[in-house]
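Chemist: Please work out how this folds:
(one chain, ligands or ions: 2)
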Amino acid sequence: MQGHDMSNMSTKEEKTPKTSEVNEQLPLATSTQVLSSKEINLTAKEALLQINDKVKFPVYTYNGSVPGAQIRIKQGDRVKIYFKNELPEPTTIHWHGYPVPNSQDGVPGVTMDAIKPGETFTYEFTATVPGTYFYHSHQESAKQVDKGLYGTLIVEPKNEEKVDRDYTLVLDEWMSNPDEGNMDMSGMDHSNMGHGNSSDNQHMDMSSMGHDMSMYDIFTINGKSGSAVKPLKVKKGEKVRLRLINAGYMSHKLHLHGHEFKIVATDGQPLKDPQPIKDELLNIAPGERYDIEFIANNPGEWLLECHGDMEGTDGMKVKIQYEDQTNNTDKANAKEDLPIVDMTKYGKHELGQFTLDQKYDVEYTMDLGTAMGKDGMIFTINGKTYPETAPVNVKKGDLVKVKLVNNSPKDLHPMHLHGHFFQVLSKNGKPITGSPLIKDTLNLKPGEEYVVAFKADNPGNWMFHCHDLHHASAGMVTEVKYK
Ligand code: C2O
Ligand code: CU
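Modeler: Ligands and ions are numbered 1, 2, ... in the order given. A predicted model of the protein is given here:
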């Protein structure tokens, strides 16, 4: 076990070669494979990702693609993942959102040692719950995930209601020029422009300074931007499911044009009686997953696109293309002002597992803050940075209530709990009036306050942290610790 607690998030580790040194030998990233056997081979390795017809980045991949291979298994399967690290630095795999046994959670320094270059590790767990998840590195994750080191994990329920099309769409953002300001860009080959270019200075800046989000100027869906994103083919009358996963560090507001849709699951967990919505934006925060479904009943060519005013917004769009009829061609409308779906009121209200006024064994308040530290901005929980933050101490069987408050003046904090799902009970003091909302990642805007509850039913030491991984690496992490 590595001694230093922060190895999973920290900035100081082995150096990787400068992207420009390795770059030209790298193979081009391939398209994403689907692996659906119970024994899976995964290899982390470098590649060059062609994001659009102009820009190529050196990236980290699982099995040569970004997103990495899709692991698609059935509920009840016991799956073994034979993992090999062919990266020039140590890494691990974390199964984001999945309640694996603690020993398989992939947090270096907490649940395992980092897997060194050339080494292997076998992950093994039973697919207990269905839904949409992803996996990613938890070693220096602010950097490695930023370089593309993530893939998707889909667990199909035993008795699945069939849909005609089932697409997985992973959102991310990239920097066309991470060294902006200290590099002459004129005449430079785009292939040398390293997203997450891993010079130590750059990494320091990104993890502990202001990490200005406007540096992320290219947004992607499944590793491609703009017209390079592969259209989603449908036929009239088909039922279409989209599994939306945000693997980046920014929230995105998605608009599905031309169709009503239902949100059928949040973070893999089904909603009760979801009703169709139209022309409302679905806000997806870092680490969150939303499954939506619609009936393809409006032939033509339509967009699912991100709304916003960032430079990259325009690249985050995908065409929905009717195979038979494409006479109607949709126009992008990235800035249209539409309401955002209010998840606290969505679906049918029912009693969930937990209520606000029942008795809890453990209550914890998480005050999320931003402050100026010695070497830049720090992100705090109750005024402390990890590993000084106070853990949530529990024992098996405890009912745990956590109040989260975002006291940062302008930062969003998508807080993610490992190994458990929680039920969201209230937002800004108001109880949830829609479907019971079960999640593992909850986005807090400045000033917002949420109360969540979960049962401590999965012993171990589990991270509870902000999924803007820059914030995590600058302190916003605590642990749920079982006695
Ligand atoms: Cu995807 Cu510790 O997180
Ligand atoms: Cu944060």
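
Chemist: just checking, next helix/strand downstream of the lowest-mean-pLDDT helix or strand in the chain?
Modeler: None of the helices or strands of the chain scores lower by mean pLDDT, DSSP states H and E than helix 200-208, at a mean of 37. Using DSSP states H and E, the helix or strand that follows helix 200-208 in sequence is strand 218-221.

Chemist: Which strands and helices lie in contact with that following strand?
Modeler: Contact here means 3 or more CB pairs under 8 Å, 6 or more residues apart in numbering; DSSP states H and E; on that basis strand 218-221 packs against strand 165-174. From N, CA and C alone the C-beta is placed, and that goes for glycine too.

Chemist: Which parts of this protein are helices?
Modeler: Secondary structure of the chain (DSSP state H): helices at 19-22, 141-144, 200-208, 469-473.

Chemist: For the protein, what lies in contact range of ligand 1?
Modeler: Residues of the chain lying near ligand 1 by CB under 6 Å from any ligand atom: 94, 96, 136, 138, 287, 416, 418, 463, 465, 467.

Chemist: will you turn these into JSON lines that also has neighbour count?
Modeler: Formatted as JSON lines, the residues of the chain next to ligand 1 follow (neighbours: other CB atoms under 10 Å):
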{"residue": "94", "neighbour count": "26"}
{"residue": "96", "neighbour count": "26"}
{"residue": "136", "neighbour count": "24"}
{"residue": "138", "neighbour count": "31"}
{"residue": "287", "neighbour count": "28"}
{"residue": "416", "neighbour count": "25"}
{"residue": "418", "neighbour count": "28"}
{"residue": "463", "neighbour count": "22"}
{"residue": "465", "neighbour count": "30"}
{"residue": "467", "neighbour count": "27"}
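
Chemist: Which parts of stretch 95-114 count as buried, going by neighbours?
Modeler: 95-100, 102, 104-112, 114 (16 or more other CB atoms under 10 Å).

Chemist: ok, now stretch 241-260?
Modeler: For stretch 241-260, the neighbour count (16+ other CB under 10 Å) marks 241-259 as buried.

Chemist: what does stretch 338-356 give?
Modeler: 341, 343, 344, 346, 347, 352, 354.

Chemist: Ok, stretch 322-332 next?
Modeler: Buried residues in stretch 322-332, counting neighbours by 16+ other CB under 10 Å, are found at 322, 330, 332.

Chemist: average pLDDT across that stretch?
Modeler: Stretch 322-332 shows a mean pLDDT of 82.

Chemist: Now the residue of the chain positioned farthest from its centre: closest residue in space, sequence neighbours ignored.
Modeler: Taking CA atoms, centre = their mean as the measure, the residue most remote from the mean C-alpha position of the chain is residue 327, 35.5 Å away. Nearest residue to residue 327 in three dimensions, chain neighbours excluded: residue 300, at 6.3 Å (CB to CB, 6 or more residues apart in numbering).

Chemist: And residue 103, by the same measure?
Modeler: Using CB to CB, 6+ apart and skipping the chain neighbours, the partner closest in space to residue 103 is residue 111 (6.0 Å).

Chemist: what are the ranges of the strands in the stretch 351-483 of the chain?
Modeler: Taking DSSP state E, counting those that start in this stretch, the strands of the stretch 351-483 of the chain run over residues 362-373, 376-381, 392-394, 399-406, 413-417, 422-427, 430-431, 437-439, 441-444, 449-455, 461-466, 477-482.
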